[in-house]
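1. Sequence and computational prediction follow.
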Amino acid sequence: MSIGTVAAPRTSWRTKVAYGWGSLGNNIVYGFIATYLAVFYTDHYGLAPGAVAVLFFVVRTADAVLDPVMGALVDRTSTRWGRFRPYLIFVPPVLATATVVCVSGPELGTGGRLAFAYLSYLLWGMAFSAMDVPYWSMSAALSSDAQDRTAIVMVPRTLASVGYIGVNIVTLPLVGLLAGGDDRRGWQLVAVLYGAVAIGLTWLTAAFVRERPAPPAEPYGPRTMARLLAANRPLQLLLAAMLVTEAVFALRSIVPVYYLTYNFDAPGLVPAFIGVFAVATIAGSLLSPVLARRVGKRRLAVAGIVATSLTSVAAWFTGYASLTPVMAWTALGGVGFGLANITLLSMLTDTVEYGQWRTGRRTEGLVFSLNIVKTKIASALGAAVALAVLGAVGYVANQEQTRATLDGLHLLMTLAPGLAGLLAVVFLARYPLSEQRHAEIVAELREAAA
């Protein structure tokens, strides 16, 4: 039985940084769509918040069903460029084009606009899967050392935060700058710019990162996928915990534009607000490898989630009379989010060897396609809840909001995500795969391959 990358040496920092550029590019377009497509639909394309809530949930859930198919395809890929690099070469232009199409809807009736939104967003999600599944699958093919993987993941995840949150900061100013009096044109040109940058950055990863050779996995269908997942308890628990944290993050990614615009009458401070969270998240991300070595991955992930949740709850009690305490709680929560974000993904790569140890199959593509399924479902839940609550509390685009609407926005930004986030701790409390146990599994796989 071949174990592929199990005996791989430590990865150079040159490779780690080169690998991270692809994540930066990926998350520039992802951040643009995840944060601003809802705003574009409700405030610039004339769709009702309730209709957009249903659209997000239906499309993201339907798209997620196709991700395991993408994972199986990646696991079976074998080319002269490797298993993962071909996707990093050929898919980025497709994803960039799909991003532009999402904000280029034609002038149609309400039904026509909604149909176009469904179709274009579904195609975007499929293109994103074809990019993201092989990209993150590659991380497990760079090293088998648990601590080295934390550092490997730290670089792309940190750059992902830079891209995702950086887009949140600059998008609205860029739209205004490029609009020339036509907001729709501004959105399209920003999408073109982001797509071009994403292509270039992902191609840098494809050019400078070489995965360690491993044979393609045997073909498998839905029943085998289900059996492989059922045999991997650590993977199940991690996906559940990450589903919670990412659903909360998706919700809080959509709300700030509305929250600052109407609760504080400060739309111009949206970039600063997101920037505070960005800097804090990056600080937490950079600290994560050091702290993980000291306290262990699971404990650090729990600590980060608890910190993020409790600061959100605290922000509820300080209210929205002043933006200063909201900024302070946001910064503290960002550090916790950065710690948890890096650590959870590093733990996910460790489940590849666990699954191989239990089943005899090494399936990075399946693991990371399930991770994308989880991300899309989380994004669907977070966006759908946020938009549904907006509609329920009486939000009307570009109008002065009622006190009930303002209170609803405050709830969405603070107490609701804070309490919901703590559910992730319940799943992590049962996570069984420590660093020591992972090292023992790797050693057993090496012996079996000798």
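-> Yes, it's here. Residues are numbered from 1 along each chain as shown.
2. For the helix or strand containing Val279, list every residue counted as buried.
-> Assessed by DSSP states H and E, Val279 sits inside helix 270-295. Neighbour counts over helix 270-295 (16 or more other C-beta atoms under 10 Å) mark 270-271, 273-285, 287-289, 291-292 as buried. Yep, even glycine has a C-beta here, placed from its N, CA and C like the rest.
3. cool, stretch 228-240 as well?
-> 228-229, 232-240.
4. Mind picking the two most distant members of the residues you listed?
-> Leu228 and Ala240 (16.7 Å; C-beta to C-beta).
5. can I assume Ala72 is in contact with Phe368?
-> No: the pair Ala72 and Phe368 does not pass the contact test of C-beta atoms under 8 Å, sitting 11.6 Å apart.
6. remind me, longest helix of this protein?
-> Secondary structure of the chain per DSSP state H: the longest helix is helix 323-359.
7. Distance from the next helix or strand after that one to the middle of the chain?
-> Downstream of helix 323-359, the first helix or strand assigned by DSSP H and E is helix 364-392. Centroid displacement of helix 364-392 relative to its chain, using C-alpha atoms, centre = their mean, to the nearest Å, is 9 Å.
8. quick one: average confidence on helix 364-392?
-> For helix 364-392, mean pLDDT rounds to 81.
9. Now do Gly176 against Pro49, distance only.
-> Going from Gly176 to Pro49 by C-beta to C-beta, to the nearest Å gives 23 Å.
10. can you pull the buried residues of stretch 398-409?
-> Applying a neighbour-count criterion of 16+ other C-beta under 10 Å, one finds 401, 405-406, 408-409 buried in stretch 398-409.
11. Just send these back as a markdown table, with secondary structure too.
-> As requested, the buried residues of stretch 398-409 are arranged in a markdown table below (DSSP: H, G, I helix; E, B strand; the rest coil):
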| residue | secondary structure |
| --- | --- |
| Gln401 | coil |
| Thr405 | helix |
| Leu406 | helix |
| Gly408 | helix |
| Leu409 | helix |
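12. Widest-spaced pair of those residues?
-> Gln401 and Gly408 (9.0 Å).
13. Overlap of the contact sets of those two?
-> 394-395 (C-beta atoms under 8 Å, 6 or more residues apart in numbering).
14. before we move on, the earlier item: out of Gly176 and Pro49, which sits in the more crowded spot?
-> More crowded of Gly176 and Pro49, by other C-beta atoms under 10 Å: Pro49, with 22 against 12.
15. what are the C-alpha coordinates of the lowest-mean-pLDDT helix or strand in the chain, in CSV please?
-> Least confident helix or strand, the chain: helix 67-76 with a mean of 78, by mean pLDDT, DSSP states H and E. The C-alpha trace of helix 67-76 is given here as CSV (Å, rounded to 0.1, in the frame of the first residue of the first chain):
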residue,chain,number,x,y,z
ASP,A,67,-18.5,19.1,-4.5
PRO,A,68,-17.9,15.4,-3.5
VAL,A,69,-17.9,14.7,-7.3
MET,A,70,-15.2,17.3,-7.7
GLY,A,71,-13.2,15.7,-4.9
ALA,A,72,-13.5,12.2,-6.5
LEU,A,73,-12.3,13.7,-9.8
VAL,A,74,-9.3,15.3,-8.1
ASP,A,75,-8.4,12.1,-6.3
ARG,A,76,-8.4,10.3,-9.7
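16. what helices or strands is the helix or strand immediately after that helix in the chain leaning on?
-> Per DSSP H and E, the first helix or strand lying C-terminal to helix 67-76 is helix 85-90. Applying 3 or more C-beta pairs under 8 Å, 6 or more residues apart in numbering; DSSP states H and E, one finds that helix 85-90 contacts helix 110-137, helix 183-208.
17. Next SSE downstream of helix 85-90?
-> Going down the chain from helix 85-90, the next helix or strand is helix 92-102, by DSSP H and E.
18. how about the residue most central in space within the chain, what does it touch?
-> Central residue of the chain (C-alpha atoms, centre = their mean): Thr375, 6.0 Å from the mean position. For Thr375, the contact set (C-beta under 8 Å, 6+ apart) comprises 242, 246.
19. what do you get if the cut-off is 7 Å, keeping everything else the same?
-> By C-beta atoms under 7 Å, 6 or more residues apart in numbering, the contact set of Thr375 is Glu246.
20. One more: Thr99?
-> The contact partners of Thr99, taken as C-beta under 7 Å, 6+ apart, are 29, 32-33, 124, 191, 194-195.
21. 6 Å instead, please
-> 29, 191, 195 (C-beta atoms under 6 Å, 6 or more residues apart in numbering).
22. so which of the residues you listed is the most crowded?
-> Counting neighbours by other C-beta under 10 Å, Val29 leads these with 30 neighbours.
23. Return stretch 349-362 as CSV; C-alpha atoms alone will do.
-> Coordinates of each C-alpha in stretch 349-362 appear next as CSV, following Å, rounded to 0.1, in the frame of the first residue of the first chain:
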residue,chain,number,x,y,z
THR,A,349,-5.3,17.9,7.0
ASP,A,350,-4.4,15.5,9.8
THR,A,351,-7.7,13.6,9.2
VAL,A,352,-6.3,12.5,5.8
GLU,A,353,-3.8,10.1,7.4
TYR,A,354,-6.4,9.0,9.9
GLY,A,355,-8.8,8.1,7.1
GLN,A,356,-6.0,6.3,5.3
TRP,A,357,-5.1,4.4,8.5
ARG,A,358,-8.7,3.3,9.0
THR,A,359,-9.6,2.5,5.4
GLY,A,360,-6.4,2.0,3.4
ARG,A,361,-7.3,4.8,1.1
ARG,A,362,-5.6,8.2,0.9
